[in-house]
Structures are given as C-alpha cells and as structure tokens.
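Visitor: heads up, no residue letters with this:
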DNA sequence: GATGTAAATCGTAAATGTTACGTTTTACAT
DNA sequence: ATGTAAAACGTAACATTTACGATTTACATC
C-alpha cells in the first residue's frame, strides 16, 4: 500500500488528509522496516520540530486499526511497519538491530489446521529474530 | 524443573536459597501458565505482605537468565512461565485471558532450516493466541 | 553457636513507553 | 467565507520496568 492510497482510504472513512499523516506513512514506505514510536517521532521531528508524541501514537493506532500498519512487540516496545498487503499471508525474518525484515512464504498454521481442540484461535505469531547481513558486520 | 532443583542449581552458582525465591518458583509450578510480574507480586504478597516489587522483578530476571523461566511478551507486558525443559523443543497455544498454555509438538523452524541467507538467526517465536475452553465460557 | 561478609531485600526514586485530556488549530464540506 | 468536526498541541497521568542507597539475611568460616 502506498502513501496516497492509504490516506485516501482513511479520507473515505471521514478522517482528514494531513501533511503529518502523509509524512508518517511516507517514512514507513521509505524505511521498509519495523519502527518504534520513538524512531518515528525522531524522523518526524526533523520536518515538524514541535511535533507532539501524542500525534505519533494516535496516528500509529489509527493506521494499525485500519490495516495500514502491522504491529509486533519485542524488547518492551511496540514496533510498526507497513502492512504487506500485496502478497499472500506470510511471516518474517526480523533483524532485531535495525528492524529490517525478509518475508518467509511459509505459515506454520497450515500444518496444524484443525488440530487444537477446545481452543478458539484469535491470532498467531511466527517470527524469526536475528541480525541481517549489514548489522552483523557492524 | 521443580522448585528445589531450580534453587539448588542457583545455589551452586553462588546465589542464596531464600524463602521468597522458593515461593516464587513454587507459584509458577502450581499455576502452570504465563504470569505477569504484577500477578506474581499479588500472589507473593499474600504470604509476604510487605514484599518489594524490586524483589519480584530481580528474581524474574535471574530465573530467566538461568533458564528456569521462559519469557514472552504481549499486551505491553512481559509474561513468565516455568521452562518446559522436560520435553523436546516445542511451542504453545496461549490463552491470552488466563495465560494457560497447551504444547504443540511442531516447530516451523524445521521446515525452513538452511533457508535464510545472509541472516544470523538468534531466536524465533511461534505462538498461537486465543481463548481456552474455560475462558471461552466466561 | 558466634562472626563476618556478600547477597538479598526494602523502600523509594527514576526511567521508559503509552494513554488521556482540555485547549487551540486546521481541514474541508457547505 | 464560514462552521464544524477532526487533528494536533502541550502536558499530565498511568503502567511497567529499572535503579540505588540503606538495611537485613543467608550461610561459610571460625
């Protein structure tokens, strides 16, 4: 999903198309990796020096709520990235240093479908953590 | 791993065998599910009313460090449970209401071994979230 | 059993990440 | 141009976790 499409979609739902939202989605697009709220705030404040972190958190939640972002958490922080809506369901290798991801076209849920008894599944997480080539060298 | 074994192991490493540590591991043993630091504190304060949360956090970290506990995080909290050292490597169905788990004797890492290039794997997480039978009824 | 000491705990402060809210500003429909 | 609902600001509050000096305790040694 690109910046414009995402915000137009929100607009149809009654949300406003603001420069700050545009910039936030644009940063996710450019970075192509998981970002913490803090990282996002820092990027944003380069362009909007007085930016309130309330704005960042509020928009991150909004974007997540409407499927623009995916969220996960590790090291006591929530991390966000643009949802990979273009491909089919998949999982990621995640570099815990820089947040960069690589898709894995394999979902272990396929192997256990129908298995769990007396358990209502609401979600699942399959993530492989490590260090990407670049972070490994540094 | 039972309470005594765990604490004897720590003792060999130079840590003291205290009633509070014994009680903490005992609670994990009794509950057999993921507990947050807050839940543990509440259980502990029944027996040790003036207990400092510093003690709980410090010991949770210590237990994790020595493999007595497993840790994961969801809903902005770290959750701990006794490490399932008796069985072979496996994963869990996790009830996000009560923390109860059911083992899944399947690890998706087997299916992708050797696959990732230029990526140093340090860990992985495969968790299925939902509601157990009991919490579903309530 | 008494003693010394390093570890454990207490009590509390502080750091960190997140949510909340009243006020002001802004997007944008009319 | 105008009105209004949404967005953003500035800041307070909240929750979880980490940190630290002072006190207490476990336990090895005598």
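Guide: Now that the structure is in, tell me what you want to look at. Since the model is a prediction, treat every value here as computed from it, not as a measurement.
Visitor: lowest average confidence, helix or strand, in chain A?
Guide: For chain A, using mean pLDDT, DSSP states H and E, the weakest element among its helices and strands is helix A:109-112, scoring a mean of 82.
Visitor: list the contacts for residue A:112?
Guide: By CB atoms under 8 Å, 6 or more residues apart in numbering or on different chains, the residues touching residue A:112 are B:104, B:106, B:128. No exception for glycine: its C-beta is placed from N, CA and C like everyone else's.
Visitor: now the first one, nearest residue through space, not along the chain?
Guide: Spatial nearest neighbour of residue B:104, chain neighbours left out: residue B:91 (4.9 Å); criterion: CB to CB, 6 or more residues apart in numbering or on different chains.
Visitor: list the contacts for the one you found?
Guide: Counting by CB under 8 Å, 6+ apart, residue B:91 touches B:103, B:104, B:106, B:107, B:126, B:127, B:128.
Visitor: show me what counts as buried in the least confident helix or strand of chain A.
Guide: Under the neighbour-count criterion of 16 or more other CB atoms under 10 Å in any protein chain shown, helix A:109-112 has A:109, A:112 buried.
Visitor: got it, and stretch A:17-29?
Guide: Of the residues in stretch A:17-29, A:21, A:23, A:24, A:25, A:26, A:27, A:28 count as buried by neighbour count, 16+ other CB under 10 Å.
Visitor: for residue B:125, see how far away residue A:125 is.
Guide: 6 Å (CB to CB, to the nearest Å).
Visitor: can you check residue A:54 too?
Guide: From residue A:54 to residue B:125 the distance is 31 Å (CB to CB).
Visitor: who has more neighbours out of the two?
Guide: Neighbours around residue A:54 and residue B:125, counted as other CB atoms under 10 Å in any protein chain shown, are more numerous at residue B:125. The numbers are 15 against 8.
Visitor: check whether the more buried one really touches residue A:127, as I assumed.
Guide: Yes. Contact criterion CB atoms under 8 Å: residue B:125 and residue A:127 qualify, at 5.1 Å.
Visitor: chain neighbours aside, what residue packs nearest to residue A:121?
Guide: residue B:130 is the one closest to residue A:121 (CB to CB, 6+ apart), at 4.3 Å.
Visitor: does the one you found count as helix, strand or coil?
Guide: Secondary structure for residue B:130, judged by DSSP: H, G, I helix; E, B strand; the rest coil, is strand.
Visitor: which residue is nearest the centroid of chain A?
Guide: residue A:81 (2.0 Å; CA atoms, centre = their mean).
Visitor: and chain A, what are its domains?
Guide: As assigned by automatic domain parsing, chain A contains the domains A:3-82, A:91-137.
Visitor: lowest average confidence across the ones you listed, which one?
Guide: Of all the domains of chain A, mean pLDDT reaches its minimum on domain A:91-137 (a mean of 89).
Visitor: measure that domain end to end?
Guide: Start-to-end span of domain A:91-137 (CA to CA, to the nearest Å) is 25 Å.
Visitor: ok, residue A:40 - contacts?
Guide: A:24, A:27, A:56, A:60, A:80.
Visitor: could I get the full set of helices for chain A?
Guide: Ranges of helices in chain A, per DSSP state H, are A:3-12, A:19-31, A:37-47, A:53-65, A:109-112, A:133-137.
Visitor: let me have the ones you listed in TSV, extended by distance to DNA strand C.
Guide: Below are the helices of chain A laid out as TSV (distance: least, CB to the nearest atom of the strand, whole Å):
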stretch	distance to DNA strand C
helix A:3-12	6
helix A:19-31	6
helix A:37-47	4
helix A:53-65	3
helix A:109-112	26
helix A:133-137	18
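Visitor: save these as CSV, and put in distance to residue B:15 too.
Guide: Output for the helices of chain A, formatted as CSV (distance: least, CB to CB, whole Å):
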stretch, distance to residue B:15
helix A:3-12, 52
helix A:19-31, 43
helix A:37-47, 35
helix A:53-65, 40
helix A:109-112, 39
helix A:133-137, 34
